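**Q** Show me how the following folds:
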Amino acid sequence: MDETYIKLKGRWVFLYRAVDKYGATIDFLIYNKRDTQAAKNFFRKAIIENGKPEKINVDKSGANKAELDAINQEYLDTEQI
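**A** Numbering: from 1, shown residues only. Have a look, this model is predicted:
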């Protein structure tokens, strides 16, 4: 997973992108901010549309790490029920 800042129709936005191990894009989301809510929207969209991944690599973004921790905790909580 990565995100980058791009100019779209004259406006700067963040492009969140999930790629497979071969570098092919498997999902993306354009969002106004780079924050926990944006990371949450992206991860949830990607998981719903593509299934639960075996591994996720991210940069040092605190928002991405916080949301991955929350998603992992949800999976752990639902598996215990």
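**Q** Could you look up the SS state of residue 70?
**A** Put simply, residue 70 is helix when judged by DSSP: H, G, I helix; E, B strand; the rest coil.
**Q** show me what contacts it?
**A** Contacts here follow CB atoms under 8 Å, 6 or more residues apart in numbering; on that basis residue 70 touches residue 40. Where C-beta positions appear, they are placed from N, C-alpha and C, glycine not excepted.
**Q** how much space between it and residue 78?
**A** Separation of residue 70 from residue 78 (CB to CB, to the nearest Å): 13 Å.
**Q** from the chain's centre, how far out does stretch 47-64 sit?
**A** 5 Å (CA atoms, centre = their mean, to the nearest Å).
**Q** tell me which residues in the biggest strand by length in the chain are buried?
**A** Secondary structure of the chain per DSSP state E: the longest strand is strand 11-19. Of all the residues in strand 11-19, those buried under the rule 16 or more other CB atoms under 10 Å are 13, 14, 16, 17, 18.
**Q** Just grab the bridge partners of the last one for me.
**A** Under the criterion DSSP bridges, residue 18 forms beta bridges with residue 27.
**Q** My understanding was that it contacts residue 25; is that so?
**A** Yes. Residue 18 is in contact with residue 25 according to CB atoms under 8 Å; the separation is 7.2 Å.
**Q** buried stuff in the helix or strand of the chain with the lowest mean pLDDT?
**A** The helix or strand of the chain with the poorest confidence is helix 62-79; it has a mean of 80 (mean pLDDT, DSSP states H and E). For helix 62-79, the neighbour count (16+ other CB under 10 Å) marks 63, 64, 67, 68, 71 as buried.
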